[in-house]
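Peer 1: Sequence and predicted structure below; questions after.
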Amino acid sequence: MSDIARISGSQPAVPVQGQGRPQSKPSEAVRPSRSDQADFSPAAQILSKLSDLPPRMGLVAEIREQIANGTYETEERLDGAVDALAEDISDGLL
């Protein structure tokens, strides 16, 4: 095994100065190029479009009321959900 020297004593922290490198002045700072661009993923583009849609509070209130009354889950909706699930499984999505 190699010997590791002990850490002893405490020394004050000393600011690090760049040796041999001139400090840049604010006027010499690199400015961003005017040709910069950002590419957004398709998912980000869809989310941006969704955030622009108007809120459908009337529909939300209606569905909440149906859920509270126990009338939201109908045979047709359950059949549709089961069919969609079966299709997703057969397509390999799940």
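Peer 2: Yep, that arrived.

Peer 1: Can you tell me which residue sits nearest the middle of this structure?
Peer 2: Among the residues of the chain, the one closest to the centroid is Ala44, at 9.2 Å (CA atoms, centre = their mean).

Peer 1: Identify the residues contacting that one.
Peer 2: If you count contacts by CB atoms under 8 Å, 6 or more residues apart in numbering, Ala44 has none. For every residue, glycine as well, the C-beta is placed using N, CA and C.

Peer 1: pull the CA atoms of the helix or strand hosting it into PDB?
Peer 2: Per DSSP states H and E: Ala44 is located in helix 42-51. Extracted in PDB, the C-alpha atoms of helix 42-51 (Å, rounded to 0.1, in the frame of the first residue of the first chain):
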ATOM      1  CA  PRO A  42     -41.900  18.100 -31.100                       C
ATOM      2  CA  ALA A  43     -43.200  17.500 -27.600                       C
ATOM      3  CA  ALA A  44     -42.200  21.000 -26.500                       C
ATOM      4  CA  GLN A  45     -43.900  22.400 -29.500                       C
ATOM      5  CA  ILE A  46     -47.100  20.500 -28.800                       C
ATOM      6  CA  LEU A  47     -47.000  21.600 -25.100                       C
ATOM      7  CA  SER A  48     -46.600  25.200 -26.300                       C
ATOM      8  CA  LYS A  49     -49.700  24.900 -28.500                       C
ATOM      9  CA  LEU A  50     -51.700  23.300 -25.700                       C
ATOM     10  CA  SER A  51     -50.900  26.200 -23.400                       C
END
